[in-house]
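Asks: Next one to model:
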Amino acid sequence: MLGLHDVQYLYEFLFWLITFFILKKVWHKPIVRTYYGYSVSAFNVIAVFFFTLMSISGNMPSLDAFSFGFLHAMVAVVMLTLVRLSKRI
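Replies: From the prediction side, this is the model:
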């Protein structure tokens, strides 16, 4: 029923729920926000790299890889911009 027979959904939900509550406790610290922004940006740059590799190896159509890579590149740029703006304030 709705794919709920797979226990992976429960694990993912619990992971994000625990992450939310941990961040809720420590989000007021500027260093936590800075590290979070840089890590999100780094993960998105890694995703761009993987999409490029998938396109080169032929596992993904080139236009799909470009569009997903562009999306993740924009998220990385936005996160870096937000981190730098929050450091200035």
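Asks: Just give the number of residues close to residue 76.
Replies: 19 (other CB atoms under 10 Å). C-beta: built from backbone N, CA, C; applies to glycine.
Asks: What strand or helix carries it?
Replies: Applying DSSP states H and E as the criterion places residue 76 in helix 62-88.
Asks: Run through the neighbouring helices and strands of that helix.
Replies: helix 30-57 (3 or more CB pairs under 8 Å, 6 or more residues apart in numbering; DSSP states H and E).
Asks: what about residue 72, neighbour count?
Replies: 20.
Asks: follow-up on the earlier one: can you point out the buried residues in the helix holding residue 76?
Replies: 65, 68, 69, 72, 75, 76, 79, 80, 83 (16 or more other CB atoms under 10 Å).
Asks: Could you find the lowest-pLDDT member of the residues you listed?
Replies: Lowest pLDDT of the buried residues of helix 62-88: residue 83, 91.
Asks: Without its sequence neighbours, what residue ends up closest to the most centrally placed residue in the chain?
Replies: Centroid check for the chain by CA atoms, centre = their mean gives residue 40 as the closest residue, at 4.9 Å. Closest residue to residue 40 apart from its sequence neighbours, by CB to CB, 6 or more residues apart in numbering: residue 79 at 4.9 Å.
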